[in-house]
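*Asks:* 3D, please:
(2 chains)
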Amino acid sequence: MKKLIALFIALSFTALIQSNSEAAYKFFCGKDWQDIDAKSYPASVKTEMKALLLKSANDATMFTGSPIVAKNDANFQEFVPFVDSVYAAKEYTDIPLQFALRIAVMKAQGVPDAQVRVFAASLLKKLTPVQ
Amino acid sequence: MEDIREKVLSSKWFVLALVLVLGIMVFSIMAKVISTTTYKKTPVAAISKVVTSQQLCLDGQTWKAIDNFQISPMDKVVYKISLCRVLFEASYMNGKPVITSAGSLVNYVRYLDVVYNDPRNLRLPLFFGLKIAEMADKKMPAAAIDNFRNSVMQKLAQMGLIK
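*Replies:* Residues are numbered from 1 along each chain as shown, chains lettered A, B, ... in the order given. I've put the predicted structure just below:
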């Protein structure tokens, strides 16, 4: 009988873990970004695709009240190499695109590396339980 | 048989397991309810924030331009899904998710293709296009969708963001 109850409890826990793993959400991050690089498209198309993804992230922040890039007629292609360099670092792969853009903007503005690292570290600390 | 049933029901372990299972069920239901009710819907008034930046955004023209990319038709669909995904995730992380239901992004992309085939919608920002796709997916009345689209377009036009 005890074995049966133990089995019942174990099954309950398995079901709980399964339901939690289904609810877990994986954001668009460095892996998805680098998937574009892995394609055999022309370089100009890859850059354009990446720039539009950055603009998409920025649009969402703009319409929700806090734009990352508030500059008029910003050219998002300029940020692509910066985001590439952010995602080139393995420890930053899990950072969602929106925050990678924020880091890229910081880098483009010449913010010291140490400050960027502090921002990224605090971000990763906050994101870990979400992901 | 009766004896076994009585033993089982009076067992401490059985009661504990029962409480545990019930607890898990209540916790799951509460988590689901909280996740679907705590996020505010994106108000049209949020557009006013755009005034400060005067920045053009992704719209029907961008959506149509993707069709001219030198990539396979399947990759175009996957890429459009990624655009919508990034848009949703960034709005979600900013506390105002553009879509609030668990609809399929594939369906939304299909609907957006239809929406942006109408030349009147070419200047409709993708952000609101996605919202409209969700409304259509929820089977909301066409009149309500039209009202929402018109109010958005009117507001953006007033700001000089669209013609």
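
*Asks:* A:G110 in helix, strand or coil?
*Replies:* coil (DSSP: H, G, I helix; E, B strand; the rest coil).

*Asks:* what's the spacing between it and A:L97?
*Replies:* Distance of A:G110 to A:L97, given as CB to CB, to the nearest Å: 22 Å. The way it works is simple: take the backbone N, C-alpha and C, and place the C-beta from them, glycine included.

*Asks:* so where do the helices sit in chain A?
*Replies:* A:2-23, A:30-38, A:43-63, A:80-88, A:97-108, A:113-127 (DSSP state H).

*Asks:* rewinding a little: higher neighbour count, A:G110 and A:L97?
*Replies:* A:L97 (28 against 6; other CB atoms under 10 Å in any protein chain shown).

*Asks:* list the contacts for the more buried one?
*Replies:* A:27-29, A:32-33, A:53-54, A:57, A:83, B:86, B:89-90 (CB atoms under 8 Å, 6 or more residues apart in numbering or on different chains).

*Asks:* ok, and the closest non-adjacent residue to B:D137?
*Replies:* Spatially, and ignoring its direct neighbours in sequence, B:D137 is nearest to B:G103 (4.4 Å; CB to CB, 6 or more residues apart in numbering or on different chains).

*Asks:* next one: A:K107
*Replies:* A:F82 is the one closest to A:K107 (CB to CB, 6+ apart), at 4.9 Å.

*Asks:* what's the burial count for that neighbour?
*Replies:* 17.

*Asks:* now the one 4 residues further on
*Replies:* A:V86: 25 surrounding residues under other CB under 10 Å.

*Asks:* ok so, going back, per-residue confidence for the residue nearest to B:D137?
*Replies:* Predicted confidence (pLDDT) at B:G103: the value is 75.

*Asks:* what sits against it?
*Replies:* B:134, B:137-138.

*Asks:* again, 10 Å this time
*Replies:* Taking CB atoms under 10 Å, 6 or more residues apart in numbering or on different chains, we find B:G103 in contact with B:111, B:133-134, B:136-138.

*Asks:* how far off centre is the longest helix along chain B?
*Replies:* In chain B, with assignment by DSSP H, the single longest helix is helix B:12-37. The chain centre lies 27 Å from the centre of helix B:12-37; the measure is CA atoms, centre = their mean, to the nearest Å.

*Asks:* buried residues in it?
*Replies:* B:14, B:17, B:21 (16 or more other CB atoms under 10 Å in any protein chain shown).

*Asks:* and whichever residue of chain A sits closest to chain B, what does it touch?
*Replies:* Residue nearest to chain B within chain A (CB to the nearest CB): A:A60, separated by 3.5 Å. Residues near A:A60 by CB under 10 Å, 6+ apart: A:67-68, A:98, B:42, B:57-58, B:86-94, B:96-98, B:126-127, B:130.

*Asks:* count of residues packed around the closest residue to B:K138 other than its chain neighbours?
*Replies:* Closest residue to B:K138 apart from its sequence neighbours, by CB to CB, 6+ apart: B:S101 at 6.2 Å. Per other CB under 10 Å, the neighbour tally for B:S101 reads 10.

*Asks:* and B:S101, how far from B:D146?
*Replies:* From B:S101 to B:D146 the distance is 20 Å (CB to CB).

*Asks:* same question for B:I132.
*Replies:* 9 Å.

*Asks:* have a look at those two and say which one is more surrounded.
*Replies:* Between B:I132 and B:D146, counting by other CB under 10 Å, B:I132 is the more crowded of the two (21 against 11).

*Asks:* that one is in what secondary structure piece?
*Replies:* helix B:126-137 (DSSP states H and E).

*Asks:* tabulate the contacts of B:G103 in JSON lines, adding columns for neighbour count and pLDDT.
*Replies:* Formatted as JSON lines, those follow (neighbours: other CB atoms under 10 Å in any protein chain shown; pLDDT from 0 to 100):
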{"residue": "B:Y111", "neighbour count": "19", "pLDDT": "92"}
{"residue": "B:A133", "neighbour count": "26", "pLDDT": "91"}
{"residue": "B:E134", "neighbour count": "19", "pLDDT": "91"}
{"residue": "B:A136", "neighbour count": "18", "pLDDT": "89"}
{"residue": "B:D137", "neighbour count": "16", "pLDDT": "88"}
{"residue": "B:K138", "neighbour count": "13", "pLDDT": "88"}
